[in-house]
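K.L.:
Predicted model and sequence below, questions to follow.
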Amino acid sequence: MIMPDPKQPENIEELLRFYAEAGHDEALSEEPVNRFEEPARKPRQKAERAPVAPASAPQAQAVPQRAPAKAAVPDEQQAMRARELASEAKTIEELHAALASFDGCNLKTTAKNLVFADGNPAARIMLVGEAPGRDEDLQGLPFVGRSGQLLDRILAAIALDRTSAYISNVIPWRPPGNRDPSPLETEICRPFIERHIELVDPAVLVTLGNPSTKLLLQTQTGIMRMRGKWAEHVTAGEKKIATMPTLHPAYLLRNPAHKKLAWRDFLEVKMRLDAAATSAE
Ligand code: URA
């Protein structure tokens, strides 16, 4: 793609379209910020002179050394730190604070807000989507855009709302331009959502779409074959949580003919919740 010349006023519209297609779909501030810039190095106190090698010594090959970038780049160490932090959290509030202070995922550098959860953490049902989009990033709440509105209508159809359901995502920061999170980014965020589910301890978990189903049910099978059948999410403490995989609301917006499949899945969920409520009486 050739970048339009920004100095030509007639190219402005074309330039904005170019940015939008590249994933830059909103202006967050007046000035551009390079979030991956390396921190300014302190000036050296006094240059030390390297010992002069004897003329006959073999010359070492100069290997350029780059200082590690300050911006967090996902790596195995960050995944380990995420696992430690998540397992140390004893309450949902502690987990929220741990995630807010965690700098090990580079998605945080481009996101505007942490999107932790919405709804009632004491609810018997927890729903987990993939990652926040633009609206969720701006509001810091999951499922508040178009797919969130559809999710609210689906919940209302089985007499639930955000006071009786709890909603979160596998990834708590918006991937830039809504790109798919990388496997390493997902691996880094995974301990937090797993601990989140463990702390909420819902009677029923609903995974929305392929990525959360694959991750939380440890399967490679696609959502079309998984949906509608009860499965189990196993927590770190080995507790088995009844899980219903279903289609993602964003997919349903694109494929409205499949809403009837999601409807069947949510009727199953309702029956399970009703049965659990009756046996608890
Ligand atoms: N899609 C998701 O998976 N999660 C959101 O919060 C919004 C859209």
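P.N.:
Happy to help now that I have it. Numbers count the residues shown, from 1 in each chain.
K.L.:
what does the helix or strand encompassing residue 151 rub up against?
P.N.:
Residue 151 belongs to helix 146-157 when assigned by DSSP states H and E. The contact list for helix 146-157, computed with Cβ atoms under 8 Å, 6 or more residues apart in numbering, reads 127, 133, 135-136, 142-143, 161-162, 165, 167, 208, 248-250, 252-253, 262-263, 266. (C-beta placed from N, C-alpha, C; glycine too.)
K.L.:
Run through the residues of the stretch 101-250 of the chain sitting next to the ligand.
P.N.:
Applying Cβ under 6 Å from any ligand atom, one finds that the stretch 101-250 of the chain approaches the ligand through 129-133, 136, 142-143, 145, 147-148, 169, 250.
K.L.:
hmm, 8 Å instead?
P.N.:
For the stretch 101-250 of the chain, the contact set with the ligand under Cβ under 8 Å from any ligand atom comprises 115, 129-133, 135-136, 141-145, 147-148, 167, 169-170, 208-209, 211-212, 248-250.
K.L.:
Sitting in helices, which of the residues you listed do you find?
P.N.:
Taking DSSP state H, the ones among these that sit in helices are 135-136, 147-148, 211-212, 249-250.
K.L.:
tell me which of those is nearest to residue 108?
P.N.:
Closest approach between those and residue 108, by Cβ to Cβ: residue 136, at 14.4 Å.
K.L.:
Check what pLDDT the nearest residue to that closest one once chain neighbours are set aside gets.
P.N.:
Ranked by Cβ to Cβ, 6 or more residues apart in numbering and with sequence neighbours excluded, the top spatial neighbour of residue 136 is residue 115, at 5.0 Å. Note on residue 115: pLDDT of 98.
K.L.:
in the stretch 51-200 of the chain, what residue is nearest the ligand?
P.N.:
Closest approach between the stretch 51-200 of the chain and the ligand, counting by Cβ to the nearest ligand atom: residue 129, at 2.9 Å.
K.L.:
Test my guess that that residue contacts residue 144.
P.N.:
No - counting by Cβ atoms under 8 Å, residue 129 stays clear of residue 144, with 11.5 Å between them.
K.L.:
Can you show me the strands along the protein?
P.N.:
118-119, 125-129, 166-169, 204-208, 231-234, 240-246 (DSSP state E).
K.L.:
which of the residues in the helix holding residue 151 are buried?
P.N.:
Within helix 146-157, the residues scored as buried using 16 or more other Cβ atoms under 10 Å are 147-148, 150-152, 154-155.
K.L.:
Not counting residues beside it along the chain, what's closest to the most centrally placed residue in the chain?
P.N.:
A centroid search over the chain (Cα atoms, centre = their mean) returns residue 171, at 1.2 Å, as the residue closest to the centre. Spatial nearest neighbour of residue 171, chain neighbours left out: residue 131 (3.7 Å); criterion: Cβ to Cβ, 6+ apart.
K.L.:
ditto for residue 190
P.N.:
Closest residue to residue 190 apart from its sequence neighbours, by Cβ to Cβ, 6+ apart: residue 215 at 6.4 Å.
K.L.:
what's the distance between that neighbour and residue 223?
P.N.:
12 Å (Cβ to Cβ, to the nearest Å).
K.L.:
now the stretch 1-150 of the chain, which segments are flagged as low pLDDT?
P.N.:
Applying pLDDT under 70 to the stretch 1-150 of the chain picks out residues 1-4, 6-7, 9-10, 12, 15-16, 18-74.
K.L.:
show me where this protein has helices.
P.N.:
So, for the chain - with DSSP H - the helices run 12-21, 76-88, 92-101, 107-110, 134-139, 146-157, 183-200, 210-216, 223-226, 249-254, 259-280.
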